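A.B. asks: take this sequence and fold it.
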Amino acid sequence: MGWEDFLRDTWQTSMVFLILIILTRILGSTQIGQLTFYDYVNGITIGSIAGTVVASEPDKVWNHFYDLVLFVALTYFISYLTILSRPLRKMIEGTPTIVIEDGQFIKENMRQLRLDIDQLNGQLRQQGVLGCNFISINS
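C.D. replies: As a prediction, this is how the structure comes out:
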């Protein structure tokens, strides 16, 4: 790798790094445990497009950079629409599912979520729910 390639790669990587910081600030921050599937997939896709920009040939950098900015703009636009439209929000982000009701596990809901008892206990501990004895499991 010559100096020209080194400088080009440094410039491309630095540009993507800075734009990702700016774009993620625009999109807002959410703790990883609170990410919806939609947010998770968008994060992976944005990272993938950013990687493409970094690794692209000099004549394609701006094409891929445009793709990155367009994808983030579309993500922002959809996020804005989900604030305005509850049906759209339910379609994109899903709805909460009750897994414990009246101290009993709802087995069918846990099965639909592919959530086993150990995972649920771990999530309860993370929320500060300790020492609970849930005995019954609904079918």
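A.B. asks: just the element for the most centrally placed residue in the chain, please.
C.D. replies: With distances taken as CA atoms, centre = their mean, residue 40 lies nearest the centre of the chain, 2.0 Å away. Assigned by DSSP states H and E, residue 40 belongs to helix 37-55.
A.B. asks: render the CA-only coordinates of the very next helix or strand once past that helix in PDB, please.
C.D. replies: Scanning forward in sequence from helix 37-55 by DSSP H and E, the next helix or strand is helix 61-84. C-alpha atoms of helix 61-84 as PDB (Å, rounded to 0.1, in the frame of the first residue of the first chain):
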ATOM      1  CA  VAL A  61     -17.000   6.900  -2.300                       C
ATOM      2  CA  TRP A  62     -19.600   9.500  -2.900                       C
ATOM      3  CA  ASN A  63     -22.100   7.000  -4.300                       C
ATOM      4  CA  HIS A  64     -21.900   4.900  -1.200                       C
ATOM      5  CA  PHE A  65     -21.800   7.900   1.100                       C
ATOM      6  CA  TYR A  66     -25.000   9.100  -0.500                       C
ATOM      7  CA  ASP A  67     -26.500   5.600   0.200                       C
ATOM      8  CA  LEU A  68     -25.500   5.900   3.900                       C
ATOM      9  CA  VAL A  69     -27.000   9.400   4.300                       C
ATOM     10  CA  LEU A  70     -30.200   8.300   2.400                       C
ATOM     11  CA  PHE A  71     -30.700   5.200   4.600                       C
ATOM     12  CA  VAL A  72     -30.300   7.300   7.700                       C
ATOM     13  CA  ALA A  73     -32.700   9.900   6.400                       C
ATOM     14  CA  LEU A  74     -35.300   7.200   5.600                       C
ATOM     15  CA  THR A  75     -34.800   5.700   9.000                       C
ATOM     16  CA  TYR A  76     -35.400   9.100  10.600                       C
ATOM     17  CA  PHE A  77     -38.400   9.700   8.400                       C
ATOM     18  CA  ILE A  78     -40.000   6.400   9.300                       C
ATOM     19  CA  SER A  79     -39.300   7.000  13.000                       C
ATOM     20  CA  TYR A  80     -41.100  10.400  12.700                       C
ATOM     21  CA  LEU A  81     -44.000   8.700  11.000                       C
ATOM     22  CA  THR A  82     -44.300   6.100  13.800                       C
ATOM     23  CA  ILE A  83     -44.700   8.900  16.300                       C
ATOM     24  CA  LEU A  84     -47.600  10.300  14.300                       C
END
